[in-house]
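In: Generate a structure from the sequence data that follows.
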Amino acid sequence: MEKLENNFNQKSKIEKLDIKTQIAKEKDWEDYKKLKILEMTEEGKEMHDFSQKKLDILNNMTEEEWKKELSRKDMFVVLARNDSDPVGISCATEDERGFWVFGDLHVEKEFRNKGVGRKMFLERLNEVKNRGGKKIILAVKINNEAAIHLAESFGFEKISKMEQLKFIKYPKSLITEQIMELGILK
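Out: Sure thing, here's the model as predicted:
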């Protein structure tokens, strides 16, 4: 009986989700900061090139620096909220060739596998289209099957592999990334 109640309560939580995505504005700087730091300190250590130096830089950024980052013309951040609570961020940056590079996508643990990442991914695609983007590049860790599947479901295709040397205490390990791209047609 207790197991059934737990399942019901979990389903009720899912049904109550009211996820909205938006392009973050300067006024959203505190939510962006909170999630960006969480991304770096939780499981993000394994998914990103984590360093204490990067974390210190984020922790020491001023309000104005966070706002400036959110107002850049060559970058945007998608913020996902459940009601008014921030639950996810993802970003995209335009490179010197005019290609958009999709950066990290982070969803808080309790909101994963509930469509939040898909909503943010779609918001990024639509924003790139609105800005006249023609090509999107995405680097995905080769063992991140969920991210590869998500990208493929939106039409991304694998184009190459990139190898990076990542130093972890002991032993050194090699991380392989899958590079994917999507050409946007009008």
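
In: quick one: terminal-to-terminal distance for stretch 67-77?
Out: Its start and end residues considered, stretch 67-77 measures 12 Å (C-alpha to C-alpha, to the nearest Å).

In: contact partners of it?
Out: For stretch 67-77, the external contacting residues (C-beta atoms under 8 Å, 6 or more residues apart in numbering) are 23-26, 28-29, 32, 89-94, 124, 127. Yep, even glycine has a C-beta here, placed from its N, CA and C like the rest.

In: and of the residues you listed, the nearest to E63?
Out: Here the nearest of the contacts of stretch 67-77 to E63, counting by C-beta to C-beta, is W29; it sits at 6.3 Å.

In: show me what contacts that closest one?
Out: 63, 66-67, 70.

In: how much space between it and I89?
Out: 12 Å (C-beta to C-beta, to the nearest Å).

In: what about the strands in the protein?
Out: All strands of the chain, identified by DSSP state E, fall at 19-23, 75-82, 85-94, 100-107, 135-141, 157-166, 173-183.

In: Could you check the pLDDT of the nearest residue to I148 once chain neighbours are set aside?
Out: Setting aside the residues directly before and after it, I148 is nearest to V140 in space (C-beta to C-beta, 6 or more residues apart in numbering), at 5.4 Å. For V140, the pLDDT comes out at 82.

In: how about V140, what does it touch?
Out: Counted by C-beta under 8 Å, 6+ apart, V140 has contacts 147-148, 151, 177-180.

In: Please indicate which of those residues are buried?
Out: 147-148, 151, 177-178, 180 (16 or more other C-beta atoms under 10 Å).

In: Farthest-apart pair in the residues you listed, please.
Out: A151 and E177 (12.3 Å).
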